[in-house]
Each structure stands twice: as structure tokens, then as C-alpha cells.
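**Q** from the sequence below, what's the structure:
(2 chains)
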Amino acid sequence: MINFRLDRRGLLKGGLAAGTMLAAPTILTRSASAYTNEPTGSNVVLGFNVPQSGAYADEGADELRAYQLAVQHLNGEGDGGMLNTFSSKELQGNGVLGKKVDYVTGDTQTKSDAARASAKRMIERDGAVMITGGSSSGVAIAVQGLCQEAGVIFMAGLTHSNDTTGKDKKANGFRHFFNAYMSGAALAPVLKSNYGSDRKAYHLTADYTWGWTQEESIAASTEAIGWETVAKVRTPLGAGDFSQYITPVLNSGADVLILNHYGRDMVNSLTQAVQFGLLDKMVNGKKFEVVVPLYSRLMAQGAGENVKGIFGSTNWHWSLQDEGSKAFVKSFGQAYGFPPSQAAHTCYVQTLLYADAAQRAGTFNPCGIAEALEGFEFDGMGNGKTLYRAEDHQCFKNVLVVKGKDNPESQFDLLEVVDEVPAEQVTYAPDHPMFAGGELGACNPGA
Amino acid sequence: MIPETVSVRDGTQPGAGAMDVFLLQVLNGLDKGSAYAMIALGLTLIFGTLGVVNFAHGALFMLGAFCSVALNKLLTLEKIALSETEMTAWGTPLEIRTPYAEAWFGDFGAWVIDWSVPLSILIAIPFMLLVGIVMERGLIRHFYKRPHAEQILVTFGLAIVLQEIIKAWFGANPIPQPAPEALTGMMDFGAAIGMDAGNVVYPAWRLVYFLFAAAVIGAVFAFLQFTTFGMVVRAGMADRETVGLLGINIDKRFTLTFGIAAVVAGLAGVMYSPILSPNYHLGMDFLVLSFVVVVVGGMGSLPGAVAAGMLLGILQSFASMNEVKAIFPGIDQIIIYLVAVVILLARPRGLLGRKGVMES
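**A** Below is the predicted model:
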């Protein structure tokens, strides 16, 4: 007969033993995985971190549409979209590395802390092996830092600040979207041929990382074509009424107003600049002009009639006639009934590039993927021949100079492509002063 | 952060000397100030009568702006026909859209669409009155006897609900509302007040907005001053209990006052829509500033709210001038709060505040 007596010491011993046994499998699995969230089942989870609430919710919704389309194409549903035109033929429409692609979504709210929290949740709770998306440089830089620490890849969405692949670049972060320097380099020759080289420019700039780098880039490239920078005025984010900043332009002697604003700020400042009759003025014997260096479709829709004739730049536009763009517009249009925005395009392309890199590397290990993306040259994704530069993880490709259309046919047809500036013209050295100050560092596989 | 100095005019531009710039900034300030004043007027009216701190008042301004969006959308509802020959880039037949209003009424339809912003005043008045009354009867009256902190929480929550409803319906993107063609140009304000022509030209719609605000504010004051209803409301503001003891149903009148405050905020929003493209967040942008206006003007003081609205609008404009920013970088971002601190230190009840309001 067994005499089972439970005393204090016995309980302690038993508890310790049980605890060790329970903890053992976790310790084993932890040491077994080579990197954060190594997919062990039949699927792989991607984390789409887009603004679902807040000012950029509409742009976020378009990004999400593109991501869902990309996932369908990767899993072999739909018409395959750009997989048919992509120069790399590794992806077969049967998932990635034999695993079905799944996704989770997070809401960045276009706030750095909220975006980090949702990315963290997707990594820790949902097991996302890659984070992508976003509509602001502040958010992109914050999430990129988080992904570097957590050991997952970050495929940036819409972020235009030089800093994302400049002083804040990270080994685990990659950007397909163009940047402020490229906007300046692409715009300057077009501005010169349209407005001449004797101009006085007045900058109104959103007071945060993106605004500062765009102001610096555009001022540098316009000064290089002979323009004089009369003033650089910083405006608070979300100022609403910009009249008090526009009035001083009237008697500054400037004949060009450059609006380094994005989103709602741009909609308001442009609308009000037009209301104040700037475009009807003659200054220094020349017609007054307004330039919006970074355009988006949503901004053009928000500003309505006021964008007519105003120059700017974009990463991509649905009216492009290359095979890649046509394929993407066709699948997106058939799925949703309207053409995709540039934000949708860059997010779709980033997902395919990530999947392709994993397929080529034969692993979801961030270090393997980074190696596969670094120096990768591809075509058929809508911007001509493109290079993912190893030194800073920035894509170098053609940039579009666009102009507000005089007679738009629909609310999606507000911009016309004036020039497709070749990649060579917008390429800069990796140690260019506007991008200096940061280190890429080593890739972090986490775990 | 220090902006570069602005180059001296090279003389090729007509006029625009220091005095003209000063005048232009005053106009900018009055314009902004009119919006602040109209919102603050309603806020202080509600506070004075019902004792409620209404954080949903900015949302009422936003709802007003969306009255003009809604009317415009209604008028520009489009008849969609599929083209037989042309195709979209993704291979479906192209849609040909014509607004019903134009298809049915021709030139008159086009005129109505052009004037849709001022015309939306006609729908904004009954709509905002209804919203105000429903809000007061349905929710806010249950919080009269609760602490101010709870009133703030519930009205702030209501503001978020309202803006999310608008976002779900109209999207997050700003929706442009052009002013009528005839009022989109510039007006020579300088010439109108006897200065040289061409020096002080100002967008016509903004002048219209200022005049409109002056009329609305004037009407509210006249209503409170010269009608029996207004007299009772003013008496109620001074001593609610005694008015109640006289056998007057003060609650009913206060409910209507809430409705009137909602209408004033709504009208301010309707006419502001060509200046700032309406978006769901518009109310929050104005709310905080309007509260500062109320506090600076003196809680519960109607003339104080108007005076403080104009004063802060003008100060904000001057603080944004390059000459000022060169001396105090970033002053434009804090000026309102700085002035509020100074005024409250010097006059703790605000500019025209009465003794005993919000003091126990």
C-alpha cells in the first residue's frame, strides 16, 4: 500500500519538477527556431500595418486592397497580376516556399506609438514574419526600428523622407517608394524648362522629418538650376487655415510657392493659395506658380479643381502603359472597380518582392531575405529596370513628373504624366550628405 | 528652425507695404476669429444656461460643414450610363456620368449646384436645431447634476461617435466645397475703405464669411436682448431657481437654447467649408481653440467669447509673420496658449468673466 503524504517540502519539490517539465518544450522550441517567428506549419503570416483610422484611413484602405490582391496572386488565385510580368520567375502561384500566405492587419492610426504597438502585436501574438505598410515617414522610421530589434523584415509602404533610407536606415528595412531627393532631382529640369532659371522660390514646409528633408532636397535642386530661395517657413502640422502663412508670400518678391505639405495640410494650403489668387498674379514680370513636390491621388481629389496645371512628382501612376502597370491596373480594377493609387502599387510590389526574395533565398530568415534583396535587379513592376541598392536598401527606378490635369475624365484621372525621369538622373551616392549620419548595421534574425 | 529673412520687395509688385501687410493679417485674424467666436458663443451660451461643458460642440461645427457636403452630393448625384464603345483600363465598359440636377433642370440645375454652399444654410438650420434638441433631451440632460468631469467625458465621447459616423459615411479624405463662382475671386478691400487700389486685395469669400459671422452673432445678441424668450433665458442664466419659482418652464427654453447654439455652430461650419475642405476631424481642430477662447473671454460671457475669438484670431495671424517668427521661432504654434496664460494670470475670470461662474 502506498502511503502518499503531501507535506510542504513535497509540494515544493513537486511544483519545481512540474514547472521544469512544463517549461522544457518552450525552451526546446525556442532554441530550435533560428529566427523570429519561423513558420513551422503549412502557412506563413505577413503583417499589414496600415492606417485604418485617422487622416490617412482612405490611403490605408487602398494599401490593404493591394495587399489582399498580392496575397491572392501569391496563393494562385485571380489572374496573377504582376507575377506574369515580373522578371524573376521563382514564384509559381503556390504560396511561398510551399507555404500558403496568410495575413493579419494592424492599424497604425498614423501615429508612431500606435503603429509600433500594432506591429509588436502582429509579431508577438500573430507570429508575423514580415511587417509592411504605412503612410507616413514618422511611422515608417518608428516601425522600421521596432522590426530591426524584433528580428523581422520591414517592407516600407508610402514613406518619402530621405531619412528612412538615410540617417535612420536599418539592415532589416527596405524601401521601394521614392524619396524627397529623387523628387527634387526629377522635378528640377521640368521646372527649368517650364518656368525658366530665374525664379524666386518661397517654401512652406510641414514641421516634421518628411517636410524638412523635402524642403532641403527641393531647395538644393532648384538652386542648382539657378533659382533663388527667398524664404523657408515652417508651418505646424494640421494648421488648417494657412491664410496667415500665405499672406506674407504676396509681398515677399517670390514668384514660385513650393508647398512641402502632404495629406490634409497640402489640400488646405493649396486650396487657400489658389483662393488668395496667387496663380493669377504677375510677379517680377512672370506668372506666379505653385509647385507641390509630392502628389498623391487622395490629395489631388481633396484639392479638387485647384490642382490644375500644378507640377509635382509621384512614384507611379495607373495610366502608365508598360506591361507590369497594365497587368496590375487590370487585376486591381477588376477586383475593386477603380484604378489603384501609388500607395497601393508600392505595397503590392513590396509584398511580391519579399515573397520572391524568400523563394530565392529558400528561407524566411530575415538575413537570408536581406541578402537576396540586396543588389537585386528586376523589371516588370511598373517603374522600368529597378535596383534594390545593397548599401542603403533603397530602390532606384524611374520617377514620374506629373501635372494636375486640365480636363479630368473622372475622380481618378486628376494627374497626367509629363515626364518619366530615368533612374540614372535620380540616383545619388550612398554617402550623399542628405542621407549621411546613419549606419545600416547588421541584419537581426531575432529569436 | 529660424526662417530665413524675407527679401525686400523689388518694387515690381504693386503696393503692399508694411501697413497693407498689417491690414491683411488683421483680415486673416478676423476671419479665423469669426469662426472661433461663433463656436465659442454657442459653447458659452450652453455653459451659461445649462451649466454643461460641451466638448461635442466642435463636432456640431463639423456637422454643419458636412451639411454643405451632403447637399452638394445630393445635387450632383449622377446618372450612370455605360459606354458602348469606350472601355476602362481594366476592360469594363466606361461609365458616363451626368448629374441629375443638370440633366433635368439644365442651367438652373447648374446654378443651384454652383450656389450649393450658401443654399445649404437652408437645410443646416432645421437639421442642426433638431440635432441640438435631440442631443440635449436624449443625452446631455441626464448629466446636468453630474460633475463637470463626467460631462466632459460624455460629450467628448459623443464627439468621437459623431466624427466616426461622418467618417464611415463620407470617408477620411477632405471633400472640397467650392464657393459660388461669383464669390471665388479677389475683392479690392483697400479701395473699398478708401486706400490705393490694388494694395489690399482679399478673397471675396473670406470677406463674405466675416460679414456672415457678424450677422449671425448680431442676430443671437438681438434675440437674447430684445425678445421675451431671450429675456427669460438671460434671467435663467443669472438665477435659474428664481425663474423656475416664477412658474416659467425654464428647461424647455434651455433645450431650445441648446438647439440655437447648435445652429450657430452649424452655420459657422457650413460657410467655412469653402475655406477649409470638410473632413471628419474638423471639429476637434477647432474645439480646443474654442475652449481657450471661452476661458479667455470669461466663462459664461457672450461678449467675452466674441471679443476673445477675434483677439486670438488676430494674434495668431500676427505670430505667423516671418518678421515675428525670426525673433521668436515657433511662436505661431504656442501664441494662443501663451496669451491665455497671461490673461488668466492677470484676470483669473477671463476678459469679461462674471463673479461666481464655476466658482464654489
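**Q** tally of neighbours for residue B:218?
**A** A total of 10 residues lie near residue B:218 under the criterion other Cβ atoms under 10 Å in any protein chain shown. Placement of C-beta: from N, CA and C, glycine included.
**Q** OK, contacts around it?
**A** Contact analysis of residue B:218 by Cβ atoms under 8 Å, 6 or more residues apart in numbering or on different chains lists nothing.
**Q** isn't residue B:23 right up against residue B:192?
**A** No - using Cβ atoms under 8 Å, residue B:23 makes no contact with residue B:192, being 11.7 Å away.
**Q** so the two - more neighbours on which side?
**A** Shown here are residue B:23 and residue B:192; by other Cβ under 10 Å, residue B:23 has more neighbours (19 against 12).
**Q** contacting residues for that one?
**A** B:189-190, B:200.
**Q** please list the members of those residues that lie in helices.
**A** Among the contacts of residue B:23, the residues falling in helices (DSSP state H) are B:189-190.
**Q** ok, and the most crowded of the contacts of residue B:23?
**A** Busiest of the contacts of residue B:23 [other Cβ under 10 Å] is residue B:200, holding 24 neighbours.
**Q** run through the residues that contact that one.
**A** Residue B:200 makes contact with B:20, B:23-24, B:27, B:188-190, according to Cβ under 8 Å, 6+ apart.
**Q** shouldn't residue A:237 be in contact with residue A:208?
**A** Yes - under the criterion of Cβ under 8 Å, residue A:237 makes contact with residue A:208 at 6.0 Å.
**Q** chain A: helices as residue ranges?
**A** Using DSSP H, helices in chain A cover A:8-32, A:57-74, A:112-124, A:137-150, A:180-195, A:209-224, A:243-250, A:263-275, A:297-303, A:323-336, A:342-361, A:366-373, A:423-426.
**Q** no no, the stretch 151-300 of chain B
**A** Here the stretch 151-300 of chain B has its helices, by DSSP state H, counting those that start in this stretch, at B:189-192, B:204-226, B:228-238, B:240-245, B:250-272, B:282-297.
**Q** now tabulate the ones you listed in CSV and tack on mean pLDDT.
**A** Shown next, in CSV, are these (pLDDT from 0 to 100):
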stretch, mean pLDDT
helix B:189-192, 82
helix B:204-226, 94
helix B:228-238, 86
helix B:240-245, 83
helix B:250-272, 93
helix B:282-297, 89
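**Q** what is the end-to-end distance of stretch A:265-284?
**A** Taking Cα to Cα, to the nearest Å, the first and last residues of stretch A:265-284 lie 28 Å apart.
**Q** that stretch - what's its average pLDDT?
**A** Mean pLDDT, computed over stretch A:265-284, is 91.
**Q** next, residue B:323: secondary structure please.
**A** Assigned state for residue B:323: helix (three-state reduction, DSSP: H, G, I helix; E, B strand; the rest coil).
**Q** how close does residue A:286 get to residue A:116?
**A** In this view, residue A:286 and residue A:116 are 47 Å apart by Cβ to Cβ, to the nearest Å.
**Q** neighbour count for these two, which is higher?
**A** A side-by-side neighbour count of residue A:286 and residue A:116, using other Cβ under 10 Å, places residue A:116 first with 19 against 16.
**Q** so who does the residue lying closest to that one once chain neighbours are set aside touch?
**A** Leaving aside its chain neighbours, residue A:116 sits nearest to residue A:146 (5.0 Å; criterion: Cβ to Cβ, 6 or more residues apart in numbering or on different chains). By Cβ under 8 Å, 6+ apart, the contact set of residue A:146 is A:116, A:119-120.
**Q** check residue A:276 too.
**A** Taking Cβ under 8 Å, 6+ apart as the test, what residue A:276 contacts is A:243, A:246-247, A:250, B:186, B:203.
**Q** now which of those would you call buried?
**A** A:243, A:246-247, A:250, B:186, B:203 (16 or more other Cβ atoms under 10 Å in any protein chain shown).
**Q** so who does the residue in chain A positioned nearest to chain B touch?
**A** Distances between chain A and chain B by Cβ to the nearest Cβ are smallest at residue A:333, namely 2.6 Å. Residues near residue A:333 by Cβ under 8 Å, 6+ apart: A:339-340, B:88-92.
**Q** just the buried ones from these?
**A** For these, buried by 16+ other Cβ under 10 Å: A:339-340, B:88-90.
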